[in-house]
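In: Fold the following and give me the result.
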Amino acid sequence: MLTTRFVNGAPNWLDVGTSDLDGALSFYGGLFGWRFRSAGPEAGGYGFFQLSGETAAGVMRTTPEQGPPSWTVYFQSPDAQATAKAAEQAGGSVLVRPMDVMGEGHMAVLADPAGVPFGIWQPGRTSGIEVAGAPGSLCWVELHTLDIARAAAFYHRVLGWETEGVPFPGGTYTCVNPEGAGADSMFGGLVPLADDPTEARSAAHWLPYFDVTDTDATVSRAQELGGSLRMPPTDLEGVGRVARLADPYGARFAVLRSAPRQD
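Out: As a prediction, the model looks like this:
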C-alpha cells in the first residue's frame, strides 16, 4: 500500500477537477472529514483537501472544455521535461506541458496511448501529499484499460514500472511497483476493462482508492451526500472490502477497508 516515502514512479499527488467547487468541498468534507485550504490568490482557485491538518489531495474548479469532472493521479518524476518527452516517444501525448508551480515543484499532465490522462510531479519544496495509507487518504490506484500489455510497456518505459501477476480469485491481478523497489512497494494495479462489467469498454481511466474503516457505512454516507454507487461493497480475499463510487458531479473513485495483514 501507499506511504509518503515517495520514490520515482510512485504516486505522490492527486487532485480532483470539479464543475462545482463548493459542492465538492461539501461532499468530500462530509465523506472523509476533509477541510479546504486555498493555495492562495495566485493559484487560480486551486486548493487543498486536508485531513487533520495534512494535505490529502488537491481540488480545483474545471470547465466543460477541460473535460468532465475527474480525479487525476500524479506520479513522481525526477525530471518532468524528460518524462514528458519519454511519454511522447512511447506513443503517449502531452496534455499540459511541464511547468513550474510557484517553486513548489514541476508538473505536467500526460496521456498514455489509450488516451488516459495522468500527471507527473517533480518535487521542489513540496514532495507530495502529506498523508497516505490512513483512513480518509489515498491507499491504492488502478488503471482500467483495454490492453494490459500495452499499458505495462508504456508505463515501464516512461516511469520505470515493474509488474507482477498475483493469483486472485477468478484469475490474475497485475500489480505495479517502482523499478527495483520490490513487492513491498506495490502501489497499484492494471485491470482489464473486458473483465469489468461496471465499466464501458471505451472508458479507460485511472481510479484512486481511499482507505476507510467501514466500507458499507462510507457507501451509505456517499449516497446520502448525493454520490452514486458504481460497484456495491464486495469482499476480495486477502485484500479487503471494496466499493466503487462517483461524487455528485461524476468523478470516480473507490474506497477500501483493508483486510488485516497476515504475517
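
In: ranges for the strands of the stretch 101-250 of the chain?
Out: 105-111, 117-123, 138-145, 161-168, 171-178, 188-192, 205-211, 228-236, 240-246 (DSSP state E, counting those that start in this stretch).

In: Give the rounded mean pLDDT of the longest one.
Out: Confidence over strand 228-236, taken as the mean pLDDT, stands at 95.

In: Could you give me the buried positions within that strand?
Out: When burial is assessed from 16 or more other C-beta atoms under 10 Å, strand 228-236 yields the following buried residues: residue 233. All C-beta spots, glycine's among them, are computed from the backbone N, C-alpha and C.

In: burial measure for residue 42, as a count.
Out: Applying the criterion other C-beta atoms under 10 Å, we find 7 residues in the vicinity of residue 42.

In: Flag the shaky bits of the stretch 101-250 of the chain, pLDDT-wise.
Out: Scanning the stretch 101-250 of the chain for pLDDT under 70 picks out 182-183, 195-202.

In: picking up where we left off before, between the strands of the stretch 101-250 of the chain, which one is closest to residue 218.
Out: Minimum separation from residue 218 across the strands of the stretch 101-250 of the chain (C-beta to C-beta) falls at strand 240-246, 7.4 Å.

In: With just CA atoms, put the closest one into PDB.
Out: What follows is strand 240-246, C-alpha atoms only, in PDB (Å, rounded to 0.1, in the frame of the first residue of the first chain):
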ATOM      1  CA  GLY A 240     -10.400  -6.300   2.000                       C
ATOM      2  CA  ARG A 241     -13.900  -4.900   1.300                       C
ATOM      3  CA  VAL A 242     -14.100  -2.500  -1.700                       C
ATOM      4  CA  ALA A 243     -16.700  -0.400  -3.400                       C
ATOM      5  CA  ARG A 244     -16.600   2.000  -6.300                       C
ATOM      6  CA  LEU A 245     -18.400   5.300  -6.200                       C
ATOM      7  CA  ALA A 246     -18.700   8.600  -8.100                       C
END
